[in-house]
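In: structure for this input, please:
(2 chains)
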There are 2 protein chains.
Amino acid sequence: MALTEVSSNKSFGGFQKVFEHTSMQLGCKMKFGIYLPPKAEQQKCPILYWLSGLTCTEQNFVTKAGAQKLASEFGIIVVAPDTSPRGCAVPGEDENWDLGTGAGFYVDATQEPWSKHYRMYSYITAESVSAFAPICNPVQCPWGHKAFQNYLGADQDAWKLYDATCLVLSYEGPPLDILVDQGSADSFLTAGQLLPENFTNACSKKQLPVVLRMQEGYDHSYFFIASFIEDHIKHHAKFLLA
Amino acid sequence: MALTEVSSNKSFGGFQKVFEHTSMQLGCKMKFGIYLPPKAEQQKCPILYWLSGLTCTEQNFVTKAGAQKLASEFGIIVVAPDTSPRGCAVPGEDENWDLGTGAGFYVDATQEPWSKHYRMYSYITAESVSAFAPICNPVQCPWGHKAFQNYLGADQDAWKLYDATCLVLSYEGPPLDILVDQGSADSFLTAGQLLPENFTNACSKKQLPVVLRMQEGYDHSYFFIASFIEDHIKHHAKFLLA
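Out: Sure thing, here's the model as predicted:
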(Lines give C-alpha, C1' and ligand atoms only; values in the text may rest on other atoms or scores of the structure.)
Protein backbone atom coordinates (compact mmCIF):
# COMPACT_ATOMS: atom_id res chain seq x y z
CA MET A 1 0.00 0.00 0.00
CA ALA A 2 1.66 3.20 -1.21
CA LEU A 3 1.15 6.07 1.23
CA THR A 4 1.40 9.76 0.42
CA GLU A 5 1.89 12.12 3.34
CA VAL A 6 -0.72 14.90 3.14
CA SER A 7 0.28 16.78 6.29
CA SER A 8 2.48 16.45 9.34
CA ASN A 9 2.21 18.65 12.44
CA LYS A 10 4.23 18.27 15.61
CA SER A 11 1.81 17.77 18.49
CA PHE A 12 2.57 17.04 22.17
CA GLY A 13 6.08 15.87 21.33
CA GLY A 14 4.90 13.48 18.59
CA PHE A 15 3.42 13.99 15.14
CA GLN A 16 -0.13 14.20 13.89
CA LYS A 17 -0.01 13.10 10.28
CA VAL A 18 -2.55 12.59 7.53
CA PHE A 19 -1.84 10.08 4.76
CA GLU A 20 -3.58 9.33 1.48
CA HIS A 21 -3.59 5.91 -0.16
CA THR A 22 -5.50 3.99 -2.83
CA SER A 23 -7.86 1.50 -1.21
CA MET A 24 -8.36 -1.73 -3.13
CA GLN A 25 -11.47 -2.53 -1.06
CA LEU A 26 -13.14 0.79 -1.79
CA GLY A 27 -11.75 1.47 -5.25
CA CYS A 28 -10.83 5.08 -4.48
CA LYS A 29 -8.30 7.28 -2.74
CA MET A 30 -8.77 7.48 1.03
CA LYS A 31 -7.26 9.64 3.76
CA PHE A 32 -6.63 8.68 7.36
CA GLY A 33 -5.18 10.48 10.35
CA ILE A 34 -2.46 8.89 12.48
CA TYR A 35 -0.97 10.25 15.70
CA LEU A 36 2.54 8.99 16.43
CA PRO A 37 3.54 9.51 20.07
CA PRO A 38 7.18 10.35 20.88
CA LYS A 39 7.66 6.83 22.25
CA ALA A 40 7.01 5.42 18.74
CA GLU A 41 10.42 6.70 17.67
CA GLN A 42 12.16 4.22 19.99
CA GLN A 43 9.83 1.24 20.28
CA LYS A 44 6.69 -0.47 19.01
CA CYS A 45 3.49 1.06 20.35
CA PRO A 46 -0.04 -0.39 20.36
CA ILE A 47 -2.59 1.04 17.94
CA LEU A 48 -6.04 2.36 18.78
CA TYR A 49 -8.55 2.76 15.92
CA TRP A 50 -11.06 5.60 16.18
CA LEU A 51 -14.16 5.12 14.02
CA SER A 52 -16.05 8.39 13.58
CA GLY A 53 -19.78 8.73 13.09
CA LEU A 54 -22.20 10.19 10.58
CA THR A 55 -20.98 13.18 8.52
CA CYS A 56 -17.38 12.99 9.77
CA THR A 57 -14.15 12.79 7.79
CA GLU A 58 -10.78 11.81 9.24
CA GLN A 59 -10.39 15.46 10.34
CA ASN A 60 -13.07 15.65 13.04
CA PHE A 61 -11.28 13.46 15.54
CA VAL A 62 -7.84 14.79 14.60
CA THR A 63 -8.74 18.44 15.23
CA LYS A 64 -11.49 18.35 17.86
CA ALA A 65 -11.13 15.47 20.30
CA GLY A 66 -7.97 16.52 22.12
CA ALA A 67 -6.69 12.93 22.12
CA GLN A 68 -3.08 13.68 21.20
CA LYS A 69 -2.06 14.77 24.73
CA LEU A 70 -3.23 11.47 26.20
CA ALA A 71 -1.90 9.31 23.35
CA SER A 72 1.45 11.05 23.85
CA GLU A 73 1.46 10.30 27.58
CA PHE A 74 0.43 6.65 27.22
CA GLY A 75 2.50 5.92 24.11
CA ILE A 76 -0.45 4.84 21.96
CA ILE A 77 -0.73 5.29 18.19
CA VAL A 78 -4.20 6.51 17.18
CA VAL A 79 -5.47 5.83 13.66
CA ALA A 80 -8.58 7.72 12.51
CA PRO A 81 -9.94 6.51 9.14
CA ASP A 82 -12.55 8.30 7.06
CA THR A 83 -16.20 7.18 7.35
CA SER A 84 -17.03 6.35 3.72
CA PRO A 85 -15.55 6.19 0.24
CA ARG A 86 -15.11 9.60 -1.37
CA GLY A 87 -15.59 10.81 -4.92
CA CYS A 88 -16.69 7.48 -6.41
CA ALA A 89 -19.66 9.08 -8.18
CA VAL A 90 -22.07 6.49 -6.80
CA PRO A 91 -25.58 7.65 -7.81
CA GLY A 92 -27.31 9.41 -4.90
CA GLU A 93 -24.35 9.31 -2.52
CA ASP A 94 -24.48 13.06 -1.81
CA GLU A 95 -28.25 13.43 -1.45
CA ASN A 96 -28.55 12.45 2.23
CA TRP A 97 -26.35 13.21 5.23
CA ASP A 98 -27.22 9.84 6.81
CA LEU A 99 -26.65 7.65 3.73
CA GLY A 100 -23.76 7.62 1.26
CA THR A 101 -20.85 10.05 1.61
CA GLY A 102 -19.87 10.39 5.28
CA ALA A 103 -22.26 7.61 6.28
CA GLY A 104 -20.71 4.28 5.31
CA PHE A 105 -21.99 2.60 8.49
CA TYR A 106 -18.92 0.31 8.39
CA VAL A 107 -20.77 -2.33 6.38
CA ASP A 108 -19.82 -4.20 3.22
CA ALA A 109 -22.75 -3.22 1.02
CA THR A 110 -24.29 -6.03 -1.03
CA GLN A 111 -26.86 -3.94 -2.94
CA GLU A 112 -26.53 -1.81 -6.06
CA PRO A 113 -25.40 0.92 -6.52
CA TRP A 114 -23.38 0.71 -3.30
CA SER A 115 -21.74 -2.70 -3.43
CA LYS A 116 -18.70 -1.81 -5.53
CA HIS A 117 -17.34 1.02 -3.38
CA TYR A 118 -19.13 0.95 -0.01
CA ARG A 119 -17.06 -1.79 1.64
CA MET A 120 -16.09 -0.01 4.86
CA TYR A 121 -16.23 -3.17 7.00
CA SER A 122 -13.43 -4.72 4.99
CA TYR A 123 -11.57 -1.40 4.90
CA ILE A 124 -11.33 -0.93 8.63
CA THR A 125 -10.29 -3.22 11.45
CA ALA A 126 -11.30 -2.35 14.98
CA GLU A 127 -9.53 -3.61 18.13
CA SER A 128 -10.76 -3.44 21.83
CA VAL A 129 -14.05 -1.75 22.64
CA SER A 130 -15.44 1.56 23.89
CA ALA A 131 -17.90 4.00 22.37
CA PHE A 132 -19.35 7.51 22.47
CA ALA A 133 -23.09 7.78 21.86
CA PRO A 134 -23.18 4.86 19.42
CA ILE A 135 -26.08 3.64 17.29
CA CYS A 136 -26.39 0.55 19.47
CA ASN A 137 -29.19 -1.31 17.73
CA PRO A 138 -29.48 -0.14 14.11
CA VAL A 139 -31.93 -2.86 13.09
CA GLN A 140 -34.44 -1.16 15.43
CA CYS A 141 -33.93 2.52 14.51
CA PRO A 142 -34.74 4.76 11.50
CA TRP A 143 -31.09 5.44 10.59
CA GLY A 144 -30.30 1.73 10.59
CA HIS A 145 -33.37 0.83 8.54
CA LYS A 146 -32.50 3.43 5.90
CA ALA A 147 -28.82 2.48 5.69
CA PHE A 148 -29.21 -1.29 5.84
CA GLN A 149 -32.18 -1.40 3.44
CA ASN A 150 -30.06 0.47 0.87
CA TYR A 151 -26.67 -1.14 1.54
CA LEU A 152 -27.73 -4.70 2.38
CA GLY A 153 -31.23 -5.21 0.94
CA ALA A 154 -34.49 -6.45 2.45
CA ASP A 155 -33.24 -9.57 4.25
CA GLN A 156 -33.02 -8.47 7.89
CA ASP A 157 -30.87 -11.46 8.89
CA ALA A 158 -28.04 -9.85 6.91
CA TRP A 159 -28.48 -6.63 8.93
CA LYS A 160 -27.78 -8.39 12.24
CA LEU A 161 -24.14 -8.96 11.29
CA TYR A 162 -23.57 -5.21 11.68
CA ASP A 163 -25.69 -4.59 14.77
CA ALA A 164 -23.84 -4.48 18.09
CA THR A 165 -26.86 -5.58 20.11
CA CYS A 166 -27.55 -8.57 17.85
CA LEU A 167 -23.86 -9.49 17.79
CA VAL A 168 -23.63 -9.46 21.58
CA LEU A 169 -26.56 -11.88 21.83
CA SER A 170 -24.68 -14.45 19.72
CA TYR A 171 -21.19 -13.61 21.05
CA GLU A 172 -18.99 -16.55 22.02
CA GLY A 173 -15.53 -14.93 21.89
CA PRO A 174 -13.08 -13.95 24.64
CA PRO A 175 -14.25 -11.76 27.55
CA LEU A 176 -14.94 -8.10 26.76
CA ASP A 177 -14.93 -4.99 28.94
CA ILE A 178 -17.10 -2.34 27.32
CA LEU A 179 -17.37 1.37 28.17
CA VAL A 180 -20.11 3.52 26.63
CA ASP A 181 -20.61 7.24 27.33
CA GLN A 182 -23.91 8.79 26.30
CA GLY A 183 -25.05 12.41 26.73
CA SER A 184 -28.50 12.75 28.29
CA ALA A 185 -29.21 15.90 26.20
CA ASP A 186 -28.36 14.14 22.93
CA SER A 187 -31.28 14.80 20.58
CA PHE A 188 -30.59 11.54 18.71
CA LEU A 189 -31.05 9.62 21.98
CA THR A 190 -34.52 11.03 22.55
CA ALA A 191 -35.35 10.45 18.87
CA GLY A 192 -34.79 6.72 19.38
CA GLN A 193 -31.80 6.47 17.03
CA LEU A 194 -29.22 5.22 19.54
CA LEU A 195 -31.02 2.76 21.89
CA PRO A 196 -28.16 2.12 24.36
CA GLU A 197 -30.56 0.34 26.77
CA ASN A 198 -31.12 -2.42 24.18
CA PHE A 199 -27.37 -2.94 24.08
CA THR A 200 -26.86 -3.07 27.85
CA ASN A 201 -29.84 -5.42 28.22
CA ALA A 202 -28.25 -7.75 25.67
CA CYS A 203 -24.93 -7.58 27.57
CA SER A 204 -26.73 -8.45 30.82
CA LYS A 205 -28.33 -11.49 29.21
CA LYS A 206 -24.90 -12.70 28.10
CA GLN A 207 -23.23 -11.66 31.39
CA LEU A 208 -20.80 -9.40 29.50
CA PRO A 209 -19.51 -6.48 31.60
CA VAL A 210 -20.64 -3.14 30.17
CA VAL A 211 -20.58 0.30 31.75
CA LEU A 212 -23.06 2.79 30.26
CA ARG A 213 -22.47 6.24 31.72
CA MET A 214 -25.34 8.65 31.12
CA GLN A 215 -23.66 12.06 31.19
CA GLU A 216 -26.12 14.72 32.37
CA GLY A 217 -26.64 17.61 29.96
CA TYR A 218 -24.13 16.61 27.27
CA ASP A 219 -25.12 16.48 23.59
CA HIS A 220 -23.86 14.60 20.50
CA SER A 221 -20.99 16.96 19.59
CA TYR A 222 -17.22 16.74 19.80
CA PHE A 223 -17.45 18.92 22.93
CA PHE A 224 -18.97 15.85 24.61
CA ILE A 225 -16.28 13.57 23.19
CA ALA A 226 -13.43 15.89 24.22
CA SER A 227 -14.85 16.07 27.76
CA PHE A 228 -14.55 12.30 28.28
CA ILE A 229 -11.82 11.22 25.84
CA GLU A 230 -9.38 10.89 28.75
CA ASP A 231 -11.44 8.11 30.37
CA HIS A 232 -11.66 6.23 27.06
CA ILE A 233 -7.96 6.47 26.27
CA LYS A 234 -7.25 5.18 29.79
CA HIS A 235 -9.75 2.35 29.28
CA HIS A 236 -7.93 1.22 26.14
CA ALA A 237 -4.48 1.81 27.64
CA LYS A 238 -5.36 -0.66 30.42
CA PHE A 239 -5.68 -3.46 27.83
CA LEU A 240 -3.27 -2.26 25.15
CA LEU A 241 -0.39 -1.80 27.58
CA ALA A 242 -1.16 -4.86 29.78
CA MET B 1 -25.98 44.83 23.73
CA ALA B 2 -28.58 42.24 22.70
CA LEU B 3 -27.12 38.75 22.49
CA THR B 4 -28.52 35.83 20.53
CA GLU B 5 -27.32 32.37 21.53
CA VAL B 6 -26.14 30.55 18.40
CA SER B 7 -25.07 27.31 20.07
CA SER B 8 -24.49 25.82 23.51
CA ASN B 9 -22.61 22.58 24.16
CA LYS B 10 -21.84 21.11 27.56
CA SER B 11 -18.07 20.73 27.82
CA PHE B 12 -15.97 19.59 30.81
CA GLY B 13 -18.83 20.32 33.22
CA GLY B 14 -19.37 23.85 31.89
CA PHE B 15 -20.76 25.21 28.65
CA GLN B 16 -19.12 26.26 25.40
CA LYS B 17 -21.45 28.81 23.87
CA VAL B 18 -21.43 30.98 20.75
CA PHE B 19 -23.34 34.24 20.74
CA GLU B 20 -24.18 36.69 17.97
CA HIS B 21 -24.65 40.41 18.52
CA THR B 22 -24.75 43.63 16.54
CA SER B 23 -21.53 45.55 17.00
CA MET B 24 -21.84 49.33 17.00
CA GLN B 25 -18.09 49.71 16.45
CA LEU B 26 -18.02 47.45 13.40
CA GLY B 27 -21.48 48.11 12.02
CA CYS B 28 -22.30 44.45 11.49
CA LYS B 29 -23.33 41.25 13.23
CA MET B 30 -20.47 39.51 15.02
CA LYS B 31 -20.09 36.11 16.67
CA PHE B 32 -17.91 35.22 19.63
CA GLY B 33 -17.25 32.05 21.57
CA ILE B 34 -17.43 31.98 25.36
CA TYR B 35 -16.56 29.09 27.65
CA LEU B 36 -18.32 29.19 31.03
CA PRO B 37 -16.66 26.93 33.60
CA PRO B 38 -18.87 25.14 36.17
CA LYS B 39 -17.60 27.52 38.86
CA ALA B 40 -19.26 30.43 36.99
CA GLU B 41 -22.66 29.14 38.12
CA GLN B 42 -21.84 29.94 41.74
CA GLN B 43 -19.43 32.86 41.65
CA LYS B 44 -17.75 35.53 39.56
CA CYS B 45 -14.85 34.21 37.49
CA PRO B 46 -12.08 36.13 35.74
CA ILE B 47 -12.16 36.45 31.96
CA LEU B 48 -9.38 35.58 29.52
CA TYR B 49 -9.62 36.98 25.99
CA TRP B 50 -8.20 34.87 23.16
CA LEU B 51 -7.36 36.84 20.01
CA SER B 52 -6.94 34.53 17.02
CA GLY B 53 -4.70 35.17 14.04
CA LEU B 54 -4.94 35.48 10.29
CA THR B 55 -7.79 33.54 8.58
CA CYS B 56 -9.45 32.46 11.84
CA THR B 57 -13.04 32.90 12.97
CA GLU B 58 -14.27 32.44 16.54
CA GLN B 59 -14.50 28.69 15.81
CA ASN B 60 -10.79 27.84 15.50
CA PHE B 61 -9.95 28.31 19.15
CA VAL B 62 -13.28 26.91 20.34
CA THR B 63 -12.91 23.60 18.48
CA LYS B 64 -9.16 23.02 18.19
CA ALA B 65 -7.21 24.39 21.15
CA GLY B 66 -8.45 22.08 23.89
CA ALA B 67 -8.65 24.97 26.35
CA GLN B 68 -11.99 24.04 27.93
CA LYS B 69 -10.52 21.33 30.19
CA LEU B 70 -8.07 23.78 31.73
CA ALA B 71 -10.54 26.67 31.91
CA SER B 72 -12.92 24.30 33.70
CA GLU B 73 -10.25 23.30 36.23
CA PHE B 74 -9.08 26.84 36.94
CA GLY B 75 -12.52 28.48 36.84
CA ILE B 76 -11.67 30.93 34.07
CA ILE B 77 -14.11 32.26 31.48
CA VAL B 78 -12.57 32.31 27.99
CA VAL B 79 -13.91 34.71 25.36
CA ALA B 80 -12.84 34.16 21.75
CA PRO B 81 -13.94 36.98 19.40
CA ASP B 82 -13.83 36.84 15.62
CA THR B 83 -10.85 38.39 13.81
CA SER B 84 -12.55 40.89 11.51
CA PRO B 85 -15.94 42.30 10.54
CA ARG B 86 -17.99 39.93 8.38
CA GLY B 87 -20.28 40.56 5.45
CA CYS B 88 -19.89 44.33 5.33
CA ALA B 89 -19.29 44.31 1.56
CA VAL B 90 -16.14 46.41 1.89
CA PRO B 91 -14.56 46.53 -1.59
CA GLY B 92 -11.72 44.02 -1.87
CA GLU B 93 -12.18 42.48 1.57
CA ASP B 94 -12.30 38.91 0.23
CA GLU B 95 -9.46 39.15 -2.27
CA ASN B 96 -6.54 38.43 0.10
CA TRP B 97 -6.23 36.01 3.00
CA ASP B 98 -3.90 38.40 4.82
CA LEU B 99 -5.97 41.59 4.40
CA GLY B 100 -9.69 42.15 4.95
CA THR B 101 -11.98 39.32 6.05
CA GLY B 102 -10.25 37.19 8.68
CA ALA B 103 -7.34 39.63 8.89
CA GLY B 104 -8.48 42.69 10.87
CA PHE B 105 -5.07 42.99 12.61
CA TYR B 106 -6.90 44.45 15.64
CA VAL B 107 -6.46 48.01 14.39
CA ASP B 108 -8.93 50.88 14.03
CA ALA B 109 -8.53 51.55 10.32
CA THR B 110 -8.32 55.22 9.34
CA GLN B 111 -8.17 54.74 5.56
CA GLU B 112 -10.92 54.21 2.99
CA PRO B 113 -12.55 51.80 2.26
CA TRP B 114 -11.74 50.17 5.62
CA SER B 115 -12.37 52.90 8.19
CA LYS B 116 -16.12 52.44 8.63
CA HIS B 117 -16.14 48.75 9.54
CA TYR B 118 -12.57 47.68 10.31
CA ARG B 119 -12.41 48.92 13.91
CA MET B 120 -11.25 45.77 15.64
CA TYR B 121 -9.11 47.60 18.22
CA SER B 122 -12.17 49.33 19.62
CA TYR B 123 -14.17 46.10 19.35
CA ILE B 124 -11.91 43.99 21.50
CA THR B 125 -10.29 44.53 24.90
CA ALA B 126 -7.34 42.39 25.88
CA GLU B 127 -6.27 41.72 29.48
CA SER B 128 -2.94 40.16 30.71
CA VAL B 129 -0.35 38.98 28.20
CA SER B 130 0.88 35.82 26.53
CA ALA B 131 1.15 34.82 22.88
CA PHE B 132 1.59 31.98 20.40
CA ALA B 133 3.79 32.73 17.38
CA PRO B 134 2.73 36.40 17.21
CA ILE B 135 3.57 38.96 14.53
CA CYS B 136 5.86 40.77 16.97
CA ASN B 137 7.02 43.69 14.89
CA PRO B 138 4.55 44.35 12.05
CA VAL B 139 6.12 47.67 11.00
CA GLN B 140 9.16 45.61 9.92
CA CYS B 141 7.49 42.71 8.08
CA PRO B 142 5.60 42.25 4.77
CA TRP B 143 2.24 41.33 6.40
CA GLY B 144 2.39 44.42 8.60
CA HIS B 145 3.34 46.73 5.72
CA LYS B 146 0.45 45.45 3.60
CA ALA B 147 -2.13 45.66 6.40
CA PHE B 148 -1.04 49.00 7.90
CA GLN B 149 -0.55 50.70 4.53
CA ASN B 150 -4.15 49.81 3.65
CA TYR B 151 -5.79 50.26 7.04
CA LEU B 152 -3.80 53.22 8.41
CA GLY B 153 -2.20 54.97 5.43
CA ALA B 154 1.35 56.03 4.65
CA ASP B 155 2.28 57.71 7.95
CA GLN B 156 4.41 55.10 9.73
CA ASP B 157 4.11 56.85 13.09
CA ALA B 158 0.46 55.76 13.14
CA TRP B 159 1.54 52.15 12.58
CA LYS B 160 3.62 52.07 15.76
CA LEU B 161 0.50 52.30 17.95
CA TYR B 162 -0.36 48.73 16.88
CA ASP B 163 3.14 47.22 16.98
CA ALA B 164 4.05 45.28 20.14
CA THR B 165 7.77 45.94 19.75
CA CYS B 166 7.30 49.70 19.32
CA LEU B 167 4.78 49.81 22.18
CA VAL B 168 7.20 48.07 24.54
CA LEU B 169 9.91 50.64 23.78
CA SER B 170 7.63 53.45 24.97
CA TYR B 171 5.90 51.44 27.72
CA GLU B 172 5.55 53.17 31.11
CA GLY B 173 2.70 51.14 32.67
CA PRO B 174 2.63 48.58 35.49
CA PRO B 175 5.02 45.60 35.42
CA LEU B 176 4.29 42.89 32.85
CA ASP B 177 5.18 39.20 32.74
CA ILE B 178 5.13 38.01 29.15
CA LEU B 179 5.20 34.45 27.82
CA VAL B 180 5.71 33.78 24.10
CA ASP B 181 5.84 30.32 22.52
CA GLN B 182 7.20 30.04 18.98
CA GLY B 183 7.61 26.91 16.85
CA SER B 184 11.05 26.58 15.26
CA ALA B 185 9.54 24.87 12.18
CA ASP B 186 7.05 27.71 11.62
CA SER B 187 7.40 28.73 7.96
CA PHE B 188 6.27 32.29 8.79
CA LEU B 189 9.16 32.59 11.24
CA THR B 190 11.75 31.77 8.60
CA ALA B 191 9.95 34.09 6.13
CA GLY B 192 10.60 37.02 8.47
CA GLN B 193 6.93 37.72 9.24
CA LEU B 194 7.04 37.20 13.03
CA LEU B 195 10.36 38.66 14.28
CA PRO B 196 10.14 37.57 17.93
CA GLU B 197 13.80 38.50 18.51
CA ASN B 198 12.97 42.17 17.85
CA PHE B 199 10.34 41.96 20.57
CA THR B 200 12.56 40.30 23.16
CA ASN B 201 15.36 42.77 22.42
CA ALA B 202 12.93 45.64 23.05
CA CYS B 203 11.85 44.02 26.32
CA SER B 204 15.49 43.68 27.39
CA LYS B 205 16.10 47.37 26.73
CA LYS B 206 13.14 48.26 28.93
CA GLN B 207 13.97 45.57 31.53
CA LEU B 208 10.55 43.96 31.08
CA PRO B 209 10.51 40.23 31.87
CA VAL B 210 9.72 38.14 28.79
CA VAL B 211 10.11 34.43 28.20
CA LEU B 212 10.40 33.39 24.55
CA ARG B 213 10.33 29.60 24.26
CA MET B 214 11.50 28.29 20.88
CA GLN B 215 9.71 24.94 20.56
CA GLU B 216 11.75 22.58 18.39
CA GLY B 217 9.95 21.20 15.34
CA TYR B 218 6.52 22.80 15.92
CA ASP B 219 4.75 24.74 13.14
CA HIS B 220 2.11 27.53 13.03
CA SER B 221 -0.98 25.31 13.39
CA TYR B 222 -3.47 24.68 16.17
CA PHE B 223 -1.61 21.42 16.87
CA PHE B 224 1.19 23.65 18.19
CA ILE B 225 -1.24 25.76 20.21
CA ALA B 226 -3.00 22.72 21.71
CA SER B 227 0.38 21.27 22.73
CA PHE B 228 1.23 24.28 24.91
CA ILE B 229 -2.15 25.80 25.81
CA GLU B 230 -1.86 24.33 29.33
CA ASP B 231 1.22 26.44 30.12
CA HIS B 232 -0.51 29.59 28.86
CA ILE B 233 -3.73 29.04 30.79
CA LYS B 234 -1.60 28.46 33.92
CA HIS B 235 0.37 31.64 33.17
CA HIS B 236 -2.85 33.67 33.07
CA ALA B 237 -4.39 31.83 36.03
CA LYS B 238 -1.41 32.92 38.16
CA PHE B 239 -2.42 36.56 37.68
CA LEU B 240 -6.17 36.27 37.20
CA LEU B 241 -6.66 34.23 40.38
CA ALA B 242 -4.06 36.09 42.50
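In: use CA for all of it now, contacts and neighbours both
Out: Will do.
In: tell me the pLDDT of the residue lying closest to residue A:175 once chain neighbours are set aside.
Out: Nearest residue to residue A:175, sequence neighbours excluded (Cα to Cα, 6 or more residues apart in numbering or on different chains): residue A:208, at 7.2 Å. As predicted, residue A:208 sits at a pLDDT of 89.
In: quickly find the element holding residue A:208.
Out: Mapping residue A:208 onto the secondary structure by DSSP states H and E places it in no helix or strand at all.
In: can you get me the start-to-end distance on stretch A:38-55?
Out: 31 Å (Cα to Cα, to the nearest Å).
In: next, the buried residues of that stretch.
Out: Across stretch A:38-55, burial judged by 16 or more other Cα atoms under 10 Å in any protein chain shown covers A:38-40, A:45-55.
In: stretch A:173-185 too?
Out: A:178-185.
In: over to stretch A:8-22?
Out: For stretch A:8-22, using 16+ other Cα under 10 Å, the buried residues are A:8-21.
In: do stretch A:24-43 as well
Out: Residues of stretch A:24-43 classed as buried by neighbour count (16+ other Cα under 10 Å): A:25-26, A:30-40.
In: does it reach chain B?
Out: No. Against chain B, stretch A:24-43 shows no contacts by Cα under 8 Å from any Cα of the partner chain, the least distance being 11.2 Å.
In: hmm, back to that, residue A:174 is in contact with the residue nearest to residue A:175, correct?
Out: No. Look at residue A:208 against residue A:174 with Cα atoms under 8 Å: they stay out of range, at 10.2 Å.
In: quick one, domains of chain A?
Out: Chain A is divided into the following domains under automatic domain parsing: A:1-127, A:129-242.
In: quick one: residue A:149 is in a helix?
Out: Yes. The assignment for residue A:149 is a helix, going by DSSP: H, G, I helix; E, B strand; the rest coil.
In: what's the pLDDT at it?
Out: pLDDT at residue A:149 comes out at 91.
In: over to residue A:181?
Out: Per-residue pLDDT puts residue A:181 at 94.
In: wondering if the longest helix belonging to chain A reaches chain B at all.
Out: Ranked by number of residues, the top helix in chain A under DSSP state H is helix A:222-240. Yes. Counting by Cα under 8 Å from any Cα, chain B is contacted by helix A:222-240 at A:223-224, A:226-228.
In: what does that helix rub up against?
Out: With Cα atoms under 8 Å, 6 or more residues apart in numbering or on different chains as the test, helix A:222-240 has contacts from A:46-48, A:64-67, A:70-71, A:74, A:76, A:128-130, A:132, A:179, A:181, A:183, A:218, B:9-13, B:16, B:63, B:66, B:69.
In: ChimeraX command to pick out the buried ones of the residues of helix A:222-240 next to chain B?
Out: A single ChimeraX command selects the buried members of those (16+ other Cα under 10 Å):
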select /A:223,224,226,227,228
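In: the residue most central in space within chain A sits in which helix or strand?
Out: For chain A, residue A:51 is the residue whose C-alpha lies nearest the centre (Cα atoms, centre = their mean; 2.1 Å). If you go by DSSP H and E, residue A:51 is not part of any helix or strand.
In: quick check: the gap between it and chain B.
Out: Noted for residue A:51: a distance of 19 Å to chain B, by Cα to the nearest Cα, to the nearest Å.
In: with residue A:170 instead?
Out: 37 Å.
In: ok, back up a step: show only the entries of the buried residues of stretch A:173-185 found in helices.
Out: Going by DSSP H, the helices hold none of the buried residues of stretch A:173-185.
In: can I get these in a markdown table including distance to chain B?
Out: As requested, the buried residues of stretch A:173-185 are exported to a markdown table (distance: Cα to the nearest Cα, whole Å):
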| residue | distance to chain B |
| --- | --- |
| A:178 | 22 |
| A:179 | 18 |
| A:180 | 17 |
| A:181 | 14 |
| A:182 | 13 |
| A:183 | 9 |
| A:184 | 11 |
| A:185 | 9 |
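In: out of these, which is nearest to residue A:204?
Out: residue A:178 (11.9 Å; Cα to Cα).
In: closest one to chain B out of the buried residues of stretch A:24-43, please.
Out: Closest approach between the buried residues of stretch A:24-43 and chain B, by Cα to the nearest Cα: residue A:35, at 11.2 Å.
In: I'd guessed that closest one sits against residue A:14; true?
Out: Yes. At 7.3 Å, residue A:35 counts as touching residue A:14 under the criterion of Cα under 8 Å.
In: who in chain A is up against chain B?
Out: A:9-13, A:16, A:63-66, A:69, A:217-219, A:221, A:223-224, A:226-228.
In: which ones among these are found in helices?
Out: Counting by DSSP H, those contribute A:63-64, A:69, A:223-224, A:226-228 to helices.
In: could you work out the most separated pair of the residues you listed?
Out: Applying Cα to Cα across those, the maximum distance is between A:69 and A:224, 16.9 Å.
In: still on that earlier bit, where among the domains of chain A is average confidence lowest?
Out: By mean pLDDT, the lowest-scoring of these turns out to be domain A:1-127, with a mean of 87.
In: the residue sitting furthest away from the middle of chain A and residue A:36: what is the separation?
Out: Most distant residue from the mean C-alpha position of chain A: residue A:42, 28.6 Å away (Cα atoms, centre = their mean). Distance, residue A:42 to residue A:36, using Cα to Cα: 11 Å.
In: now do residue A:90 against chain B, distance only.
Out: 32 Å.
In: which ones are touching that residue?
Out: A:113-114, A:117.
In: repeat that for residue A:145.
Out: Counting by Cα under 8 Å, 6+ apart, residue A:145 touches A:138-139.
In: show me where chain A has its helices.
Out: For chain A, applying DSSP H gives helices covering A:58-64, A:68-74, A:120-123, A:142-152, A:156-159, A:164-169, A:187-190, A:196-205, A:222-240.
In: could I get these as CSV with distance to residue B:191?
Out: What follows is the helices of chain A, written out as CSV (distance: least, Cα to Cα, whole Å):
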stretch, distance to residue B:191
helix A:58-64, 26
helix A:68-74, 29
helix A:120-123, 42
helix A:142-152, 50
helix A:156-159, 56
helix A:164-169, 53
helix A:187-190, 48
helix A:196-205, 53
helix A:222-240, 35
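In: so which of these comes closest to residue B:151?
Out: Of these, nearest to residue B:151 by Cα to Cα is helix A:58-64, at 33.0 Å.
In: packing partners for that closest one?
Out: strand A:28-36, strand A:77-81, helix A:222-240, helix B:59-64 (3 or more Cα pairs under 8 Å, 6 or more residues apart in numbering or on different chains; DSSP states H and E).
In: neighbours of residue A:157, how many?
Out: Per other Cα atoms under 10 Å in any protein chain shown, the neighbour tally for residue A:157 reads 10.
In: which residue packs closest to residue A:62, ignoring adjacent ones?
Out: residue A:33 (6.6 Å).
In: show me what contacts the one you found?
Out: Contacts of residue A:33 by Cα under 8 Å, 6+ apart are A:16-19, A:58-59, A:62, A:78-81.
In: who does it form a beta bridge with?
Out: residue A:18, residue A:80 (DSSP bridges).
In: which residues touch residue A:92?
Out: residue A:100.
In: how much space separates it from chain B?
Out: 31 Å.
In: over to residue A:80?
Out: 16 Å.
In: now do that residue: how many residues are near it, please.
Out: A total of 24 residues lie near residue A:80 under the criterion other Cα under 10 Å.
In: that one against residue A:32, yeah?
Out: Yes. The pair residue A:80 and residue A:32 qualifies as a contact (Cα under 8 Å) at a distance of 5.6 Å.
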